[in-house]
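Peer 1: Give the three-dimensional model of this entry:
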Amino acid sequence: MLAIALLIYQKQGFTAFLGTITSPTQVNPDSQPKAITPQLGPRHKLNYQQWIDILKQEAKVAAQKRTENLTILLGDSLSLWFPPELLPQNRNWLNQGISGETSTGLLKRLKLFDATQPKTIFVMIGINDLIRGVSDEIILDNHRQIILYLKKVHPQTQIVMQSILPHGGEETTWERQEKLLAIPNRRISQLNQKLRTIAQKEGVNYLDLYFLFANKQGNLRLELSTDGLHLNSQGYLVWSSALQLYSQIELQAQK
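Peer 2: Presented below is the predicted three-dimensional model:
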């Protein structure tokens, strides 16, 4: 089992995609952090069902092409806006993120990519549940159900559950700051510990990103975020480097 705690990466907005990615070594980690403005065009105004329809079609294409070394990114806006050029380029990526997604919503739409044959599936979900007042018990049960479903439908796939990231606390500038302030980051940390236990019990990998994004107070590091909730270019640089390191460890394990 891999319970991995890892290191850094960057981005510019995006949606669901499939293809070979450019090298992250082109990114300058010393550059000034910039806000992420998703380049979604008309998609930015889509409703939830329209997003579902698009992701279903993109998954269908991936299945029909029998894309090799396919890796699926599952989650909410944090996954949705991941810059494609920063993802490890030794994989073909299918982004199945939807802005505002919850663990309940994600669980209901896992069937969209049943016909694909991914090598790896990365999952990060939960912050929107917390914002909406969902209990830890429901969040954890949904994670468990997500794992069980993915294991059943994709038995040959490596499933990687990623920790929920902290928020910026009092320095958050997100428009619904009060929602985040009602969620102590220590609660997110404790939730992640339980998520790690579930992942280990169910025999899937756990990628610990939390400590990479948290400052000494346990809040999201402001230099990695646009508003205390979403990530900027440096934040995605951190995440992408963690995925790159995971890929390297995975490759070495296969030798």
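Peer 1: Please make it C-alpha for all contacts and neighbour counts, starting now.
Peer 2: Noted.
Peer 1: Now name the helix or strand holding the residue nearest to residue 185 when sequence neighbours are not counted.
Peer 2: The spatially closest residue to residue 185, leaving aside those adjacent along the chain, is residue 166, at 5.7 Å (C-alpha to C-alpha, 6 or more residues apart in numbering). Using DSSP states H and E, residue 166 maps to neither a helix nor a strand.
Peer 1: Renumber starting at 50 from here on
Peer 2: Sure thing, new numbering starts at 50, so read that last one as residue 215.
Peer 1: Residue 215 and residue 101, how far apart?
Peer 2: Computed with C-alpha to C-alpha, to the nearest Å, the distance linking residue 215 and residue 101 is 27 Å.
Peer 1: more neighbours, these two?
Peer 2: Legend: neighbour count by other C-alpha atoms under 10 Å for residue 215 and residue 101, higher for residue 215 (28 against 17).
Peer 1: re the thing from before, pLDDT at the residue nearest to residue 234, what is it?
Peer 2: With respect to pLDDT, residue 215 scores 97.
Peer 1: same question, residue 291
Peer 2: On the pLDDT scale, residue 291 gets 95.
Peer 1: So it, which state does it fall into?
Peer 2: Assigned by DSSP: H, G, I helix; E, B strand; the rest coil, the conformation of residue 291 is helix.
Peer 1: re the thing from before, surely the residue nearest to residue 234 and residue 232 touch.
Peer 2: No. Counting by C-alpha atoms under 8 Å, residue 215 stays clear of residue 232, with 9.6 Å between them.
Peer 1: Can you show me the helices along the stretch 150-299 of the chain?
Peer 2: Counting by DSSP state H, counting those that start in this stretch, one finds helices in the stretch 150-299 of the chain at the ranges 152-157, 176-180, 185-202, 226-230, 234-251, 259-262, 282-303.
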